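Engineer: Give the three-dimensional model of this entry:
(chains A and B)
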Amino acid sequence: MLKEQSIFTITKKIGLARVGTIHTPHGDIKTPAFVGAATRATVKALTMKEMRELGSQAILANTYHLVLRPGTDLIKEAGGLAEFSSWHGPTFTDSGGFQIFSLPNVKINENGVKFKSHIDGANFEMTPESSMQAQWAIGADIHMAFDHLAKSESYEDMKEAMERTHDWLDRCVIEHQRLALTNTTNAQYLYAVVQGGTFLDLRAESAKYCAEKSVDGFGIGGVFTANGMDKMLQTVNSILPEIKPRHLLGMGQEPIDLFVGAEYGCDTFDCVGPTRMARNGSLYTLDGRINIKNAKYTHDFTPLMMDCDCECCKNYNKAYLHHLFKTDEITAKVLASIHNEHFIVKTVDRIRESLLNDTFKDYKESFLARYYKNNK
RNA sequence: GCUGGAAUCGUCUAGUGGCAAUGACAAGAGACUGUAAAUCUCUCGCCUUCGGGCUUCGUAGGUUCGAGUCCUACUUCCAGCA
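Structural biologist: Residues are numbered from 1 along each chain as shown, chains lettered A, B, ... in the order given. Next up is the predicted model:
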């Protein structure tokens, strides 16, 4: 929205880390929080009821995918993403930049990006303005600025991508404000996206640029590995204004990323990893991920995780899950997705609790030592 | 009993004289981080110092430089006729 009133309230700070609440028209998000990846307006294999029951506070859909199908007009006609999907809670949309730049044959110029639909080859064009318009039509509570991803991890490409992202951010802000004035529906918020790859000077430059803009929060994009992520986030989040929320785009498959992200000042996360891992039989436990399809689980009648209160662990055992995967039953993916999503959501919830009762450091150390004891 | 046909890696299957031999499934394992992912990759006769070595296509012989492929007998199965 238009400024100076933050959508975020901070309850507690420990260094760069903070506990807070993001206020949206569809409800509050207690942070740090993991946001479910609902790319095509659904979290794969899960119903919204299951998402609510496993403790998810918010979902993130993807503008690129929804523009192609079913089209943003349809979602607007349905009353917006929350109403269309029956989520009824806080929602985010990613701008689609990440997807478009991963397509072959994208043509990029100052104005925007031309690309072909991966579904039927139809020609599309997306600009900062059209991405904002699409996101307003989709009607999520929080939108991401349309950003430019680097062609490679080289300094030159990162710098170019960052600079274009900044140019486009200015256009996103103008268009967003125009749409805010002409739109009679709920308030919708805009996050700028910080780029710069692994280069701290670029990250600092990008954070400074974004910090000055009239936006409601920040996405931190282009994060590749946990290696060096702490320094990068330290750089960026020391510069970004404290009072606005920060979303770490795409990170959360590895628990360490969530601990590091929260410790260095990120408030929300989203990641396709948990549900994708689940569909492929790779399931989280406190002792690391296991592949439930492995033969050694054939006769294992114990729950996947002893102290897990998800629907999967409360009712089913590993031998049964193994059987469901080996026979390729749909339920295998459903139960696995419930567990993995629950595991990551709850891990972040506990990070929040541990920050509140000053046990974060212990929680982080004991969790990571146990989770990663079998590798690295 | 006669006449045809068929027997190939756990299963089905390709192969009609020239390198253990096709494909699928099953099996075993691995990968996956702002989802073109219910996906993808690897292994799958035995051994290996990774160069290669050894043993394989119902059984036993034979022809041939060379046989899963041709010939003979046998075994089993299928179809038709008695």
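
Engineer: Once you drop chain neighbours, what's closest to the residue of the stretch 1-150 of chain A found nearest RNA strand B?
Structural biologist: Across the stretch 1-150 of chain A, the shortest distance to RNA strand B (CB to the nearest atom of the strand) belongs to residue A:118, at 3.1 Å. Using the backbone N, CA and C atoms, a C-beta is placed for each residue, glycine as well. Nearest non-adjacent residue to residue A:118, counting by CB to CB, 6 or more residues apart in numbering: residue A:103, 6.3 Å away.

Engineer: From residue A:352, how far out is the one you found?
Structural biologist: According to CB to CB, to the nearest Å, residue A:103 stands 37 Å off from residue A:352.

Engineer: Name the residue in the two with the higher neighbour count.
Structural biologist: residue A:352 (21 against 14; other CB atoms under 10 Å).

Engineer: so residue A:114, which of the three states?
Structural biologist: strand (DSSP: H, G, I helix; E, B strand; the rest coil).

Engineer: Go ahead and confirm residue A:210 touches residue A:217.
Structural biologist: No. With contact defined as CB atoms under 8 Å, residue A:210 and residue A:217 do not form a contacting pair (9.9 Å).

Engineer: which neighbours do these two share?
Structural biologist: Here residue A:210 and residue A:217 share the contacting residues residue A:192, scored by CB atoms under 8 Å, 6 or more residues apart in numbering.

Engineer: and the residue lying closest to residue A:119 once chain neighbours are set aside, what is it in contact with?
Structural biologist: With sequence-adjacent residues excluded and distances taken as CB to CB, 6+ apart, residue A:119 is closest to residue A:68, at 5.7 Å. Counting by CB under 8 Å, 6+ apart, residue A:68 makes contact with A:117, A:118, A:119, A:124.

Engineer: So among those residues, which ones count as buried?
Structural biologist: Burial by neighbour count, 16 or more other CB atoms under 10 Å: within those this picks out residue A:124.

Engineer: Closest one of the contacts of residue A:68 to residue A:366?
Structural biologist: Nearest to residue A:366 out of the contacts of residue A:68 is residue A:118 (CB to CB; 43.3 Å).

Engineer: Only C-alpha atoms, please: export whatever helix or strand residue A:321 lives in in PDB.
Structural biologist: According to DSSP states H and E, residue A:321 maps onto helix A:318-326. The C-alpha trace of helix A:318-326 is given here as PDB (Å, rounded to 0.1, in the frame of the first residue of the first chain):
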ATOM      1  CA  LYS A 318       6.700 -46.700   7.700                       C
ATOM      2  CA  ALA A 319       5.900 -50.100   6.300                       C
ATOM      3  CA  TYR A 320       2.500 -48.900   5.100                       C
ATOM      4  CA  LEU A 321       3.900 -45.700   3.600                       C
ATOM      5  CA  HIS A 322       6.600 -47.800   1.900                       C
ATOM      6  CA  HIS A 323       3.800 -50.000   0.500                       C
ATOM      7  CA  LEU A 324       1.800 -47.000  -0.800                       C
ATOM      8  CA  PHE A 325       4.900 -45.600  -2.600                       C
ATOM      9  CA  LYS A 326       5.900 -49.000  -4.100                       C
END
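
Engineer: Bridged to residue A:190, which residues?
Structural biologist: Using DSSP bridges, the beta-bridge partners of residue A:190 come out as residue A:143.

Engineer: Next to RNA strand B, which bits of the stretch 51-200 of chain A? Give me the list.
Structural biologist: Residues of the stretch 51-200 of chain A found near RNA strand B (CB under 7 Å from any atom of the strand) are A:60, A:62, A:65, A:94-95, A:97-99, A:102-104, A:118, A:144, A:147, A:149, A:193.

Engineer: Hmm, I typed the wrong one, I wanted the stretch 201-350 of chain A.
Structural biologist: A:219, A:221-223, A:225-226, A:249-254, A:257, A:270-273, A:275-277, A:279-282, A:291, A:293-296, A:298, A:326, A:328, A:330, A:333.

Engineer: Mark which of those residues are buried, thanks.
Structural biologist: A:219, A:221-223, A:226, A:249-254, A:257, A:270-273, A:275, A:277, A:279, A:281-282, A:333.
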